[in-house]
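**Q** just coords:
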């Protein structure tokens, strides 16, 4: 699958060099820009898989720009810098790699490949966490609804659960929805 890249470097000669390397390795360069605001416009309007951003851009530095990209969830960033960048706790979560100039072809390709892979893994983990949170919330609601049924109707926990399940099947709605309705009725 072709990966779409955005290049944001002030130096036109370096832009051309990066574009040539990337296209020779099967990457699709979707945009080449030289300022931070153009980066944001491109990321919001085009499908970009990874952004290659110089830390010394006009408007905002690369770390500041990466923070905005992280806040807006616009994809992974690989920063390019003349000097070492502090990779401590303050580095935005969108930064998946740092390249120091001069950039070699293999450093560039390996860093981009690793960044894309790590970003994919992060997104999969985020989906899994969201699913687990939803499952936990459903279980909490079902437990609360069971408690309400047990108290109001004087039935056992198993009977309350069976009542929820039976109602869910009869109405063809998830147990969570039945539990939400019972909890809402209790709160009124």
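**A** Received, thanks. Computed from a predicted structure; not experimentally measured.

**Q** ok, for residue 165, nearest residue in space, not its chain neighbours?
**A** residue 175 (6.3 Å; Cβ to Cβ, 6 or more residues apart in numbering). Where you see a C-beta, it was placed from the backbone N, CA and C, and this is true even at glycine.

**Q** quick one: the one you found and residue 139 touch, right?
**A** No - contact criterion Cβ atoms under 8 Å: residue 175 and residue 139 do not qualify, at 9.8 Å.

**Q** can you pull out the helices in this protein?
**A** 12-24, 36-45, 62-71, 105-153, 157-171, 175-187 (DSSP state H).

**Q** export these to CSV and tack on mean neighbour count and mean pLDDT?
**A** Shown next, in CSV, are those (neighbours: other Cβ atoms under 10 Å; pLDDT from 0 to 100):
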stretch, mean neighbour count, mean pLDDT
helix 12-24, 15, 92
helix 36-45, 17, 91
helix 62-71, 20, 92
helix 105-153, 14, 95
helix 157-171, 14, 95
helix 175-187, 16, 92
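
**Q** Mind checking those for the one nearest to residue 5?
**A** With Cβ to Cβ as the criterion, residue 5 lies closest to helix 12-24 of those, at 5.6 Å.

**Q** which ones are touching residue 80?
**A** 9, 52, 53, 54, 55, 62, 98, 99, 100, 101, 103 (Cβ atoms under 8 Å, 6 or more residues apart in numbering).

**Q** Which among those count as buried?
**A** The neighbour count (16 or more other Cβ atoms under 10 Å) marks 9, 52, 53, 54, 55, 62, 98, 99, 103 as buried among those.

**Q** how much space between the spatially most central residue of the chain and residue 6?
**A** In the chain, the residue lying closest to the centroid (Cα atoms, centre = their mean) is residue 123, at 5.0 Å. Residue 123 is 18 Å from residue 6, where distance means Cβ to Cβ, to the nearest Å.

**Q** domains for the protein, by residue range?
**A** Domain assignment for the chain by automatic domain parsing gives 4-103, 129-187.

**Q** distance between the ends of the longest one?
**A** Just to be clear, that refers to domain 4-103. When the termini of domain 4-103 are compared using Cα to Cα, to the nearest Å, they are 20 Å apart.

**Q** Kindly report the same for stretch 41-53.
**A** 14 Å.

**Q** Do you know the pLDDT at the residue lying closest to residue 115 once chain neighbours are set aside?
**A** In space, and not counting its chain neighbours, residue 115 is closest to residue 96: 3.7 Å by Cβ to Cβ, 6+ apart. pLDDT for residue 96: 92.
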